[in-house]
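> My questions are about this predicted structure, shown below with the sequence.
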Amino acid sequence: MTDTTIPDIIYTKVDEAPELASASLLPIIRSFADAAGVRIGTRDISLAGRIIAAFSDLLTPEQRQSDDLAALGELVKTPQANVIKLPNISASVPQLVAAIRELQAQGYALPDYTENPQTNSEKDARARYDAIKGSAVNPVLREGNSDRRAAAAVKRYAQANPHRMGAWSPDSKTRVSAMSGGDFFSNERSATLPAASEARIVHVAADGTETVLKDKLSYPAGTVVDATFMSAKALGEFLHAEIARTQEEGTLFSLHLKATMMKVSDPIIFGHAVKAWLKPVFDRYGDELDALGVDPNSGLGDLMARVRGKSEIEDAITEVMAARPPLYMVNSDKGITNLHVPSDVIIDASMPALIRAGGKGWGPDGKEHDAACVIPDSSYAPVYDETIRYFKETGKLDPATCGTVQNIGLMAQKAEEYGSHPTTFEIPADGTVRMVLADGTVLHEHEVSAGDIWRSASTRKAPIEDWVDLAIDRQRAEGCEAIFWLDANRAHDAELIAYVKPLLEVRGVADKFSIMAPREATRQTLETIRAGKTSIAITGNVLRDYLTDLFPILELATSAKMLSIVKLMQGGGLFETGAGGSAPKHVQQLVEENHLRWDSLGEFCALGESLKFLADMQGNEKARLLGEAVDTATQGILDHDRSPSRKVGEPDNRDSHYWFARYWAEALAGQSKDAELARHFAPVAKKLAEAEAAILSELASAQGKPADIGGYYHPDPQKTAAVMRPSATLNAIIG
């Protein structure tokens, strides 16, 4: 069971590479923090931990876990919250199923994930699992709006050591395509509620049968409530046309979605793409595929596994694949395509990587090619389209001279939360979907067909006002260009503009801000940073997610090194460690070669901010000195090139943690504001310096052979600690 007392700082237990890194870094943090009387605790929000907590009633007392995510969800609503939140898995169905199977193999009596639950127990299990899928963690913790930017040390290093950018040619065939109608953008309806109200979502079939899809939704006064749908027919026509167009152009076909965050809608869209890609196979063998349990939403990888040994179907698939354009590849060496797994190609990572590479993606031949980037919904596709158009016209960006884009993101209290908000439905039959208020008023209404994807989201008044005030504070601090990325022609954005303009006027700062549609804002921002200046992008939740990967990947080569602060609305702080995902390939390399290339720079940046925030909240000046010394250590990591290498036999994540501890101790030993702290850390710094050769030798000797961590989703803590802390000398100094 988890310790229920509230530590000064909570460091989240997560998944994959960042959790492995924590096994090495967290003992260092705890040792140093103890000298300032700061208690570091952990709470388990990993995928495996969430599964165990959801089914603790079925497990043995030794296996049970408390619901740490729910507890954190309450803590972030208090002024005492100080949470360092690492990246966690936003689970797709294949990831969820794999985690369940691993836990079952470890002796956890968990029920299976059932695709079509029939019994009450199956339905109960499915409901519990569905609550875990996707980005379930983020909306719970985000009781504040987002302030993301490159830390000064990180930006200076990137300019002094510019990463490689692929060259752009005006003749590049790479392009973005999106639906011109029938998508979420074109069908969106939005309204601001003048008074608090409950609401329900109702489907009325063509024969008059009424089904309540969701009941007892509750909205306070001033809430912006949206509803929209994507036409399955229009989506299918679009996908077939794009496959044919890509074939004619001779480029790679690539589909870019976010099936991890948009956990209901995007896996369905992904499934439509799989069916469109293999349409002749589904047309001919549909019944057999159904009997084999094929779900196109799970991807080509799952489909191929289920038809293995069915030679006639396998031959038909091979024939169709040969007639299609080449697919953008996740791993060309292993034959893993864009359509293999819905969680493999995530738009906010895949599109910036392709753009950074000069519009090139990897093909089945292991070579780079131009690509057709298919982004079905047109809400934010113009951002990527305009970026590609801009670089075709102007050439690549120079990281050595370019400015930076900061972001103020609206996300508090599940603002614009399409992904984890439980109001997305695949429509079962032709008819009408209505959103009906408690007094009977029909707020939104859409005529829909079977298979359409209908969804709703809401954004409350208080988070909107907090978002605008946060933007004003950041613009005042920077004195630079600041743009609200809002499209007056989009229903939802028009409602936000009706909030934003009066707030800017009342606060007397309307002349400091612009309001632009995403396409126009993209070009303006690219022009600004090309000139070496700073721009602040003030965006909604989804666009926040996209831009805080796009611009950092162009500027820094990665989004994992961003300073990400959530100023919680009740006064606490949430310090996110960057948007680098949880890096499954890093885990694979560790297991195979005992080399972890995960870079903990995001953790360093978040730790420094968390300690300084704690000092402000508790008046603990020792904590402030620790935080300032973290910043010095982080600069040392960058200045002396102590970040992990990608190759086995070279310094990895564990080496960088040694150097971080050494630079941190040296900064504290040399500070003049607290003699007690200086005396404490002087011998630590001396020992770390004198033992450099021994420590680095011990760390290096661990590499080059397989590592046993006891599990992927639920590794064994003792085995993981042994792998991630192989230097007895360092461990003895740290304690």
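Perfect, I can see it now.

> what is the mean pLDDT for stretch 395-406?
For stretch 395-406, the mean pLDDT works out to 97.

> end-to-end on it?
Across its full length, stretch 395-406 reaches 23 Å between end residues, using CA to CA, to the nearest Å.

> which residues are in contact with it?
Stretch 395-406 is contacted by residues 147-150, 155, 158-160, 162-163, 165-168, 358, 391, 474, 478, 525-526, 528-537, 547, 551, 554-557 when judged by CB atoms under 8 Å, 6 or more residues apart in numbering. All C-beta spots, glycine's among them, are computed from the backbone N, C-alpha and C.

> Could you list the buried residues of it?
With burial defined by 16 or more other CB atoms under 10 Å, the residues of stretch 395-406 counted as buried are Lys396, Leu397, Pro399, Cys402, Gly403, Thr404, Val405, Gln406.

> In strands, which of these appear?
Restricting the buried residues of stretch 395-406 to those inside strands, with DSSP state E as the criterion, leaves Thr404, Val405, Gln406.

> sorry, back to before: now the two most distant members of the buried residues of stretch 395-406.
In these, the most distant members under the criterion CB to CB are Lys396 and Gln406, with 21.9 Å between them.

> picking that back up, which PyMOL command selects the buried ones in the contacts of stretch 395-406?
The command below creates a PyMOL selection of those among the contacts of stretch 395-406 that count as buried (16+ other CB under 10 Å):
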select buried, resi 147+148+149+150+155+158+159+162+165+166+168+358+391+474+525+526+528+529+530+534+535+536+537+547+551+554+555+556+557
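
> Just the ones in strands from the contacts of stretch 395-406, please.
The members of the contacts of stretch 395-406 that map onto strands under DSSP E are Asp147, Arg148, Arg149, Ala150, Thr534, Ser535, Ile536, Ala537.

> So, low pLDDT: which residues of the stretch 551-700 of the chain?
Along the stretch 551-700 of the chain, the model assigns pLDDT under 70 to residues 578-582.

> Helices of that one, residue ranges please.
Per DSSP state H, counting those that start in this stretch, the stretch 551-700 of the chain carries helices over the ranges 584-593, 601-618, 621-639, 653-670, 675-690, 692-701.

> OK, contacts around Ile538?
Asn407, Ile408, Trp467, Ala471, Ala482, Ile483, Phe484, Trp485, Phe513.

> how about a cut-off of 10 Å?
The contact partners of Ile538, taken as CB atoms under 10 Å, 6 or more residues apart in numbering, are 145, 406-410, 467-468, 470-472, 474-475, 482-486, 500, 513-515, 521, 544.

> got it, and Thr337?
When contacts are counted by CB under 10 Å, 6+ apart, Thr337 is found next to 253-255, 277, 299-301, 321, 326-331, 344-345, 364.

> rerun at 7 Å
Counting by CB atoms under 7 Å, 6 or more residues apart in numbering, Thr337 touches Leu300, Leu327, Met329, Val330.

> how about the last one, phi and psi?
Looking back up the chat, that one is Val330. phi -80, psi -40 (degrees, to the nearest 10).

> Read off the pLDDT value for it.
For Val330, the pLDDT comes out at 92.

> now swap in the second one and tell me
Note on Leu327: pLDDT of 97.

> List phi and psi for the closest residue in space to it that isn't next to it in sequence.
What sits nearest to Leu327 in space, not counting adjacent residues and going by CB to CB, 6 or more residues apart in numbering, is Thr337, at 4.3 Å. The main-chain torsion angles of Thr337 are listed as degrees, to the nearest 10 and equal phi -100, psi 170.

> Name the surrounding residues that touch the lowest-mean-pLDDT helix or strand in the chain.
Least confident element among the helices and strands of the chain, by mean pLDDT, DSSP states H and E: helix 137-141 (a mean of 79). Residues from elsewhere that reach helix 137-141, judged by CB under 7 Å, 6+ apart: Ile45, Leu69, Leu72, Gly73, Val76, Lys85, Asn88, Lys414, Glu417, Ser420, Leu574.

> Tell me if I'm right that Thr632 and Ala667 touch.
Yes: distance between Thr632 and Ala667: 4.0 Å, which falls inside the contact criterion (CB atoms under 7 Å).

> Mark which of the contacts of Ile538 are part of helices, please.
If you go by DSSP state H, these have Trp467, Val468, Leu470, Ala471, Ile472, Arg474, Gln475, Val500, Ala521, Arg544 in helices.

> Not including adjacent chain positions, what is the nearest residue to Tyr157?
Using CB to CB, 6+ apart and skipping the chain neighbours, the partner closest in space to Tyr157 is Leu638 (4.0 Å).

> what's around that neighbour, how many residues?
By other CB atoms under 10 Å, 21 other residues sit near Leu638.

> Spit out the contact partners of it.
Under the criterion of CB under 7 Å, 6+ apart, the contact partners of Leu638 comprise Ala153, Val154, Tyr157.

> So which of these wins on neighbours?
Neighbour counts for the contacts of Leu638 (other CB under 10 Å) peak at Val154, which has 26 neighbours.

> Among the ones in strands among the buried residues of stretch 395-406, which one sits closest to Leu596?
The shortest gap between Leu596 and any of these belongs to Thr404, at 28.5 Å (CB to CB).

> Relative to Glu481, how far out is that closest one?
Separation of Thr404 from Glu481 (CB to CB, to the nearest Å): 11 Å.

> Equivalent analysis for Asp171, please.
Separation of Asp171 from Glu481 (CB to CB): 32 Å.

> ok so, going back, and which of the contacts of helix 137-141 is nearest to His595?
For the contacts of helix 137-141, the minimum distance to His595 (CB to CB) is 22.8 Å, reached by Asn88.

> Give me the secondary structure label for that closest one.
Classification of Asn88 using DSSP: H, G, I helix; E, B strand; the rest coil returns coil.
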